[in-house]
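**Q** I would like the atomic coordinates for the input below:
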Amino acid sequence: MFKRLCSTAMIFGAAALAPPQPAQAQAMTCLPRAALVERLENRYKEHRAGGGLQSPQQLLEVWASDESGSFTVFVTRPNGVSCILATGQNWTGAARSRPDGVAG
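**A** Numbering: from 1, shown residues only. From the prediction side, this is the model:
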């Protein structure tokens, strides 16, 4: 009985230490960029807060709302399909600072 209890504890302990499933295994929401942007602007009052090329084939964008604090991170492929990577609340944008001597 003791051996069986120890074996069971070791098996479940090892399972608890296993790495989590990769993010790629989760289902991703993808839709045409125009439809996603319309939804973000109209329903969530989000605007483009930043972005850049993640690779030559993917444009990464961050959209956020100053009103509600919601934000959305997504990538767009050359075919115009955007896939949402993350969403959240309590967005705080960083204020841009200008170097000394730069006007405007």
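
**Q** wasn't residue 41 part of a strand?
**A** No: counting by DSSP: H, G, I helix; E, B strand; the rest coil, one finds residue 41 to be helix, located in no strand.

**Q** and it, what does it touch?
**A** With contact taken as CB atoms under 8 Å, 6 or more residues apart in numbering, residue 41 is in contact with residue 47. Every C-beta, even on glycine, is put in place using the N, C-alpha and C of the backbone.

**Q** how close does it get to residue 93?
**A** In this view, residue 41 and residue 93 are 17 Å apart by CB to CB, to the nearest Å.

**Q** likewise for residue 83?
**A** For residue 83, the distance to residue 93 (CB to CB) stands at 23 Å.

**Q** ok, the two, which is more surrounded?
**A** residue 83 (15 against 11; other CB atoms under 10 Å).

**Q** need the contact list for that one.
**A** Applying CB under 8 Å, 6+ apart to residue 83 gives the contacts 28-30, 74-75, 77.

**Q** secondary structure element holding the closest residue to residue 90 other than its chain neighbours?
**A** The spatial neighbour of residue 90 that comes closest, neighbours along the chain excluded (CB to CB, 6 or more residues apart in numbering), is residue 69 at 5.0 Å. With elements taken from DSSP states H and E, nothing contains residue 69; it lies in neither a helix nor a strand.

**Q** I'm done for today, thanks for sticking with me.
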